[in-house]
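Visitor: Dropping the sequence and predicted coords here.
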Amino acid sequence: MDGQEPADRRSFFRKPAAPGGPPPRRPAPAAPPPPGSPAPPPPPVYVAPPSGPGSEPPPVSSVRHPTFHGNGGTLFGIHVVNVLLTLITLGIYYFWAKTRIRAYLSGQTEIEGDRFAYHGTARELLLGTIKAVLVFGLPILLLQFVRDLLDAPVFLRRLADLAVAVLAYAFFPIAMVGARRYRLSRTSWRGIRFSFRGRVAELLKIFILGSFLTGLTLGLYYPFFLVSRQAFLVSHSYFGGERFEFTGRGRDLFGRFLLALLLTVPTLGLCWVWYVAFKRRYFWDHTTFGSARFSCRVTGGALLGLWVVDALILVGTLGIAWPWVRVRNVHFAFRNLALVGALDLSRIRQEAQQVGSMGEGLSGFFDSGFDLA
Amino acid sequence: MRTDWQGTYLDGQTAARHPATIRLMREALEISPAGGGTRLWPYRELRQTQGFYAGEEVRIERGGDLPETLLVPDSAFLESLHEVAPGLQLRFHDPRRRRARVRWTIAAAAGVLAVTAAIYLWGIPALAALVAPRVPVAWEENVGRSALVYLAPPDRRCEDPRLGAAMDEIVRRLTASAPPSPYTLRVYVVNRPVVNAHALPGGNVVIFKGLLERTHTPEELAGVVAHELQHVLLRHTTRAVIQDASTGLLLMALTGDVTGPLAYGLQTARTLGELRYSRRAEDEADVGGMRMLLAARVDPAGMIAFFDTIRQEEGAQPQALTYLSTHPLAEARIARLRAMAAASKGTPEPLLPAEDWPALTKRC
């Protein structure tokens, strides 16, 4: 079902935070200083920082919606120039194109009066993709060559088969973690960077256990796997030094999953749209940041309407109208998403992580739309 | 000339916003946050990262990975900056150039159309024609072998020796007068009621029993076989693989990142795009097949008669549609074959004169 998620990945990717007053409680255990990252923020060099937290308004329990200010026309204009340069450079400009689109979309996304900023560069994306191709693409291609085209002995072919499967299997968690690390670390709000500090080994464990148990239970374990994956992805995400938390449990998703499974035939599969909407609501509603929590009101009917119209627009224009579709999807996601409750931004401190872009290259290259779950 | 502006200063260490007054100077920005502590930012140390489009606030950063940031909501700030400190066009965007940018964007759109059309109509077929002959025949044979197992599983192949000999004779007659090729050509008859035929890369042709039974003479079948053999000899499968992959890449370049339901919409465009290439391949196989028949002195009327029968059955006989779905038989195609046949001078020699053809087609 994940393949059917809409394309506005970025909107679900961001974990916006909002300002508030003094801390309602002490922050969660401070994240360990990451190896290799810059030392804790040095005090300003020449002047004392301007009046700090004291000038923030008192804590207010409020509902904040993210807003998207961009429009399809501008996005289309950026895209047209991107396409021309990509074609002329035989694809090399692709990385610059992608970076420009991301920077535009981030810059047009606002919450609590401030916009996001994207700090990634095309060079990083290019290097990441080259690395990904060297580590995964080339070996898989070579092994397939051995398997299909050489007259190799049977046991060698089986061995190549196995190696391809292992590489392809390891690819997903590595790409997922890498992409998330890269994307979050290159995104900021109010000058504070997001970061992802989960380790590949942990996700690999979740994947191995998940696919093993899913197979063993003929698919029934799948929602539990999804939830543990989401928990991993969310609870290792940070804004500055403050962590996001996820409180969802697999059994809450299980009932809807089973229902959708049973209704697949009578509803011709349409029930899965409602399942996706429920999953999305459930995932957001169980994501918290400090004492604020996210709230998502998306419904299956609305999601179905969105997708049907999207598909009609795209088929009717042979894909040319995708910038407008993308903007539609972002508006839809933001309309249904809110951050509820008091937040204390005064204790947020910059804590940057050093991150390479290889995982990003992996997911960008094969583009499986991971970051939604 | 306005030199004083209002904005927001972010220190890059905390999430606090500091309202600030900004003064434009000849060499630097002077930033005075509300709480005191004025800073001087020399222009050459600054970079602009947002504020290139209407409705986007101006964002100026200073410092390395974790910069200090200045936000100015009014883009007229940039216009004043360029007036106060000329010569910074490369460092800071100038909103006055947005109208020119629209013109350039429209020119770029025209450029995209031209480049896309050139790649699609000329570039991709040329690439396929260049690469396909360099693909080793052994690779094609490998791919063809796995396709053969799927299309003609051994237990459904017609093993009748007389039918097999007739097929071998047709292939021999057709190829005897053709230039030598690196392929081992063979025709398999498969016991399925489908009215269709396939050419597999590497030299095998699969004819389904449904099609075989609809031919009235060996010449009719020879027409179908000649057409399919041309697909093999012209490496159409290999070319199609290259063309389809390139079309996919072209579409990817045209649409950027596309996932989920968006991808389904694009599939339509891709299918439409590939249709043109496959139609062209069919035309090539027709012309080549007819030349093959004429060179082998097989009566070309057979090929024309068979295509005519199949086309007239369209609608009346749903089974015939299978062949038509992969071999669209337009009136123009048959007309061209007729013209080619009429222009030929040679006298046909009978094919398999000793065989009772209708009886032979039942031996499967």
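Guide: It's in. Numbers count the residues shown, from 1 in each chain, chains lettered A, B, ... in the order given.
Visitor: only C-alpha atoms for contact and neighbour calcs from this point on.
Guide: OK.
Visitor: phi, psi of the residue nearest the centre of chain B?
Guide: What sits nearest the mean C-alpha location of chain B, by C-alpha atoms, centre = their mean, is B:T247, with 2.3 Å. Backbone geometry at B:T247, expressed as degrees, to the nearest 10, gives phi -60, psi -40.
Visitor: okay but it is in contact with B:L272, surely?
Guide: No - if you go by C-alpha atoms under 8 Å, B:T247 and B:L272 don't touch, sitting 10.5 Å apart.
Visitor: looking at the sheet around B:A199, what are its partners?
Guide: Using DSSP bridges, the beta-bridge partners of B:A199 come out as B:V205.
Visitor: neighbours around it, how many?
Guide: Close neighbours of B:A199, defined as other C-alpha atoms under 10 Å in any protein chain shown, add up to 24.
Visitor: That one and B:V224 touch, don't they?
Guide: No - in this structure, B:A199 is not within contact of B:V224 by C-alpha under 8 Å, at 10.4 Å.
Visitor: So A:V298, which state does it fall into?
Guide: coil (DSSP: H, G, I helix; E, B strand; the rest coil).
Visitor: ok, now A:P266?
Guide: From three-state DSSP, the assignment for A:P266 is coil.
Visitor: on that earlier part again, which residues does the residue nearest to the centre of chain B contact?
Guide: For B:T247, the set of contacting residues under the criterion of C-alpha atoms under 8 Å, 6 or more residues apart in numbering or on different chains consists of B:Y120, B:I124, B:R270, B:G273, B:E274.
Visitor: do B:V232 as well
Guide: If you count contacts by C-alpha under 8 Å, 6+ apart, B:V232 has them with B:A199, B:L200, B:P201, B:G202, B:G203, B:N204.
Visitor: Please report the distance of the first one from B:I310.
Guide: It refers to B:A199. 19 Å (C-alpha to C-alpha, to the nearest Å).
Visitor: swap in the fourth one?
Guide: Taking C-alpha to C-alpha as the measure, B:G202 and B:I310 are separated by 27 Å.
Visitor: Comparing those two, which residue is more hemmed in?
Guide: Counted by other C-alpha under 10 Å, B:G202 and B:I310 do not tie: B:G202 has more neighbours, with 26 against 20.
Visitor: Not counting sequence-adjacent ones, nearest residue to the more buried one?
Guide: In space, and not counting its chain neighbours, B:G202 is closest to B:E141: 4.1 Å by C-alpha to C-alpha, 6 or more residues apart in numbering or on different chains.
Visitor: A:W96 too?
Guide: In space, and not counting its chain neighbours, A:W96 is closest to A:A122: 4.8 Å by C-alpha to C-alpha, 6+ apart.
Visitor: Could you check how far the residue nearest to B:G202 is from B:V225?
Guide: When C-alpha to C-alpha is applied, the distance between B:E141 and B:V225 equals 19 Å.
Visitor: What helix or strand is the residue nearest to B:G202 located in?
Guide: B:E141 belongs to helix B:137-151 when elements are defined using DSSP states H and E.
Visitor: Name the residues of that helix that come out as buried.
Guide: Of the residues in helix B:137-151, those buried under the neighbour-count criterion (16 or more other C-alpha atoms under 10 Å in any protein chain shown) are B:V137, B:W139, B:E140, B:E141, B:N142, B:V143, B:G144, B:R145, B:L148, B:L151.
Visitor: need the residues of the stretch 1-150 of chain B near chain A, please.
Guide: B:10-18, B:33-38, B:50, B:53, B:55-56, B:66-69, B:102, B:105, B:108-109, B:111-112, B:115, B:138-139, B:142 (C-alpha under 8 Å from any C-alpha of the partner chain).
Visitor: swap the cut-off to 6 Å and go again
Guide: For the stretch 1-150 of chain B, the residues in contact with chain A under the definition C-alpha under 6 Å from any C-alpha of the partner chain are B:G12, B:Q13, B:T14, B:A15, B:G35, B:G36, B:G37, B:A108, B:A109, B:V112, B:W139.
Visitor: Need the buried ones from those selected in PyMOL.
Guide: Buried residues within the residues of the stretch 1-150 of chain B next to chain A, as defined by 16+ other C-alpha under 10 Å, are selected in PyMOL through the command that follows:
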select buried, chain B and resi 12+13+14+15+108+109+112+139
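Visitor: quick one: which of the residues of the stretch 1-150 of chain B next to chain A sit in helices?
Guide: Taking DSSP state H, the ones among these that sit in helices are B:A108, B:A109, B:V112, B:W139.
Visitor: and the residue lying closest to the third one once chain neighbours are set aside, how many neighbours?
Guide: It refers to B:V112. Closest residue to B:V112 in three dimensions, ignoring its sequence neighbours and counting by C-alpha to C-alpha, 6+ apart: A:L84, at 5.2 Å. In terms of burial, A:L84 registers 25 neighbours under the definition other C-alpha under 10 Å.
Visitor: Could you list the low-confidence segments of the chain?
Guide: You didn't say which chain, so I picked chain A. For chain A, the stretches flagged by pLDDT under 70 are A:1-61, A:148-151, A:352-373.
Visitor: You answered for a different chain; I wanted chain B.
Guide: Flagging of chain B using pLDDT under 70 yields the residue ranges B:256-266, B:314-322, B:324-326, B:328-330.
Visitor: Show me the strands in it, by range?
Guide: If DSSP state E is used as the criterion, the strands of chain B fall at B:4-10, B:18-24, B:28-33, B:39-42, B:46-50, B:58-62, B:68-72, B:186-190, B:197-199, B:204-208.
Visitor: Just put those strands in TSV and tack on distance to A:R199.
Guide: As requested, these are exported to TSV (distance: least, C-alpha to C-alpha, whole Å):
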stretch	distance to A:R199
strand B:4-10	31
strand B:18-24	36
strand B:28-33	40
strand B:39-42	39
strand B:46-50	31
strand B:58-62	31
strand B:68-72	30
strand B:186-190	55
strand B:197-199	50
strand B:204-208	51
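Visitor: Distance check, the closest residue to chain A within the stretch 51-200 of chain B against A:Y93.
Guide: When distances are taken as C-alpha to the nearest C-alpha, the stretch 51-200 of chain B approaches chain A most closely through B:V112, which lies 5.2 Å from it. In this structure, B:V112 and A:Y93 are separated by 14 Å, where distance is defined by C-alpha to C-alpha.
Visitor: Next: A:G240.
Guide: The gap separating A:G240 from A:Y93 is 32 Å, by C-alpha to C-alpha.
Visitor: can you pull out the helices in the chain?
Guide: Because you didn't say which chain, this covers chain A. Listed in chain order (using DSSP H), the helices of chain A are A:9-13, A:72-88, A:94-107, A:122-132, A:138-148, A:154-185, A:200-216, A:222-235, A:250-263, A:271-285, A:300-316, A:322-335, A:358-366.
Visitor: Wait, chain B was what I had in mind.
Guide: Counting by DSSP H, the segments of chain B that form helices are B:76-84, B:98-118, B:124-131, B:137-151, B:161-176, B:209-214, B:218-233, B:236-255, B:261-295, B:301-313, B:320-326, B:331-343, B:357-361.
Visitor: for those helices, which one ends up most surrounded?
Guide: Sort the helices of chain B by mean neighbour count, taking mean count of other C-alpha atoms under 10 Å in any protein chain shown, and helix B:218-233 sits at the top with a mean of 25.
Visitor: From the chain's centroid, how far away is that helix?
Guide: The offset between the C-alpha centroid of helix B:218-233 and the centroid of the whole chain comes to 26 Å, using C-alpha atoms, centre = their mean, to the nearest Å.
Visitor: Please write out the alpha-carbon positions of it in CSV.
Guide: Taking Å, rounded to 0.1, in the frame of the first residue of the first chain, the C-alpha atoms of helix B:218-233 are listed here in CSV:
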residue,chain,number,x,y,z
PRO,B,218,1.6,-22.7,-47.0
GLU,B,219,2.2,-19.3,-48.7
GLU,B,220,-0.1,-17.6,-46.2
LEU,B,221,1.9,-19.0,-43.3
ALA,B,222,5.2,-18.2,-45.0
GLY,B,223,4.0,-14.5,-45.1
VAL,B,224,3.5,-14.6,-41.3
VAL,B,225,6.8,-16.3,-40.7
ALA,B,226,8.7,-13.9,-43.0
HIS,B,227,7.2,-11.0,-41.0
GLU,B,228,8.3,-12.5,-37.7
LEU,B,229,11.7,-13.5,-39.0
GLN,B,230,12.3,-9.8,-39.9
HIS,B,231,11.6,-8.9,-36.3
VAL,B,232,14.4,-11.3,-35.3
LEU,B,233,16.8,-10.2,-38.0
